[in-house]
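Enquirer: Kindly generate the corresponding structure for this input.
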Amino acid sequence: RHVDFNFSFAVTPLCCPSRSSILTGLYPHNHLVRNNTLEGNCSNAAWQKFQEPLSFPVYLQKQGYQTFYAGKYLNQYGHPQAGGVQHVPMGWTHWLGLVGNSKYYNYTLSLNGHEEKHGDRYEEDYLTDLLTNRSLEFLRKLSRPPFLMVLAPPAAHSPWTAAPHYKSTYGTLKAPRNGSFNVHGKDKHWLIKQAKTPMPNSSIQFLDRVYRARWQTLLSVDDMVQKVLDQLKSLKLLDSTYVFYTSDHGYHTGQFSLPIDKRQLYEFDIRVPLLVRGPGVKGNKTYLVGFLVPKERSEGGIPSFGPAAEDLKPHRVSKLGNFETCGLQIPEFFFSKLPSWEIPGIESCGAVRRR
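Expert: Coordinates of the predicted model:
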């Protein structure tokens, strides 16, 4: 009843542009979100005016879906220059959006446009668990299907704060030492070539701690998934519900002697998990995360729609190849791009990979 997509890739290894692609189905060169800043169109007024109306919850809501969002949205969400917490993105009936970037404690939420502040008490404030509890409450109060529920916990993003009962888990776990770990990328682009090889022991110890902490934070996400599935089952909704599990980008821990981060157009930073369960789910197909949008619209019973359908293609006028995904003709390859850095003078870069 489920499929694990072994080769699933983000269209860009950076939070806000990738999340914008997931929401709209557009490549970054079409939705124009360049980085995680307001100046880079991350959740700014222009995004809200021109791109949010194209996001998939808008179409599902028009079809009668009750829609619920909880967690991180876009990095600049809630910024005073972009509507503050009062701005509730189009398409969401129930909105619980995190202001700014990932946190586990001491954060601010927008509850349907009203500020909700939280502190540092685990029982009341640990964000992953709070999102879980609010989602279960939404399901219990659900008056009728159909519904759309999106949960976006902070894990496994920095600052990698695990729940208290998971902090001692994986005590000896280390980052994998295979492949390109601590290997100089001498044949790669200029940024990779600058990495110091071999890495000093302090860097290796640091990245191992980060790797371990990331896994610890994800244990609370495991709990979230289990509780949501159990709730769906108890409500007799599980067999008729599609569940998607994925991420906005990958992460490196020592590959090509780069200690930690994302932003590189190599497999370790663009490959993401993608698991899908639901009636009629089939494997042996190639998907980009951006194509979750037409898939979600298809599963929601929504037909092809207007001129925006062209924008869902990797290139608006592309006629390359005839590989079909969700009724859309896409090329035999995919394009991944880091549109621009937040740092002036650092060039953008792109990569092409055949499927």
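Enquirer: Now do the strands in this protein.
Expert: 2-4, 66-72, 94-98, 108-111, 114-117, 147-152, 243-246, 252-253, 260-261, 274-277, 323-325, 328-330, 333-338, 349-354 (DSSP state E).
Enquirer: same for the first one, what does it pack against?
Expert: Spelled out, it's strand 2-4. For strand 2-4, the elements it packs on are strand 274-277, judged by 3 or more C-beta pairs under 8 Å, 6 or more residues apart in numbering; DSSP states H and E. (Each C-beta comes from the backbone N, C-alpha and C, glycine too.)
Enquirer: List the buried residues for the strand it packs on?
Expert: With burial defined by 16 or more other C-beta atoms under 10 Å, the residues of strand 274-277 counted as buried are 274, 276-277.
Enquirer: with these in mind, which one is nearest to residue 236?
Expert: Checking the buried residues of strand 274-277 against residue 236 by C-beta to C-beta gives residue 277 as the nearest, at 15.9 Å.
Enquirer: OK, contacts around the closest one?
Expert: Counting by C-beta atoms under 8 Å, 6 or more residues apart in numbering, residue 277 touches 1-3, 242-243.
Enquirer: For the nearest residue to it once chain neighbours are set aside, which residues are in contact?
Expert: Leaving out its chain neighbours, the residue that sits closest to residue 277 by C-beta to C-beta, 6 or more residues apart in numbering is residue 2, at 3.5 Å. Counting by C-beta under 8 Å, 6+ apart, residue 2 touches 243, 275-278, 281.
Enquirer: ditto for residue 41
Expert: If a contact means C-beta under 8 Å, 6+ apart, then residue 41 has 31-34, 47 as its contacts.
Enquirer: now swap in residue 183 and tell me
Expert: Residues touching residue 183, when contacts are defined by C-beta under 8 Å, 6+ apart, comprise 197, 255-257.
Enquirer: Which two of those have the greatest separation?
Expert: Farthest apart among the contacts of residue 183 by C-beta to C-beta are 197 and 255. That separation is 11.4 Å.
Enquirer: what number of residues lie near residue 186?
Expert: 10 (other C-beta atoms under 10 Å).
Enquirer: Please tell me I have it right and it contacts residue 180.
Expert: No: Residue 186 is beyond contact range of residue 180, at 11.5 Å (criterion: C-beta atoms under 8 Å).
Enquirer: in terms of contact, does residue 149 touch residue 142 like I think?
Expert: No: taking contacts as C-beta under 8 Å, residue 149 lies outside contact range of residue 142: 9.0 Å.
Enquirer: Look at those two and report which has more neighbours.
Expert: residue 149 (19 against 16).
Enquirer: Name all residues that make contact with the closest residue in space to that one that isn't next to it in sequence.
Expert: Across the structure, with C-beta to C-beta, 6+ apart as the measure, the residue nearest residue 149 apart from its sequence neighbours is residue 68 (4.5 Å). Residue 68 is in contact with 92-94, 96, 135, 138, 147-150, counting by C-beta under 8 Å, 6+ apart.
Enquirer: how does it look with 6 Å?
Expert: 94, 138, 149 (C-beta atoms under 6 Å, 6 or more residues apart in numbering).
Enquirer: For the protein, which residues score under the pLDDT cut-off?
Expert: By pLDDT under 70, the weakly predicted segments of the chain are 1, 283-355.
Enquirer: In it, which helix is the longest?
Expert: Among the elements of the chain assigned as helix by DSSP state H, the one spanning the most residues is helix 201-234.
Enquirer: And that one, what's buried?
Expert: Applying a neighbour-count criterion of 16+ other C-beta under 10 Å, one finds 203-204, 206-208, 210-221, 224, 227-228, 231-232 buried in helix 201-234.
Enquirer: With stretch 118-127 instead?
Expert: Per 16+ other C-beta under 10 Å, stretch 118-127 contains these buried residues: 118, 125-127.
Enquirer: which among these gets closest to residue 170?
Expert: For the buried residues of stretch 118-127, the residue nearest residue 170 by C-beta to C-beta is residue 126; the value is 18.5 Å.
Enquirer: Endpoint to endpoint, stretch 3-12 covers what distance?
Expert: Taking C-alpha to C-alpha, to the nearest Å, the span from the opening residue of stretch 3-12 to its closing residue is 23 Å.
Enquirer: when you give positions from now on, start the count at 14
Expert: OK, 14 is where the count begins now, so the last one is stretch 16-25.
Enquirer: ok, and for that stretch, which residues are buried?
Expert: Within stretch 16-25, the residues that qualify as buried are 18, 21-25, counting by 16+ other C-beta under 10 Å.
Enquirer: residues touching residue 33, list them.
Expert: The contact partners of residue 33, by C-beta under 6 Å, 6+ apart, come to 44, 46.
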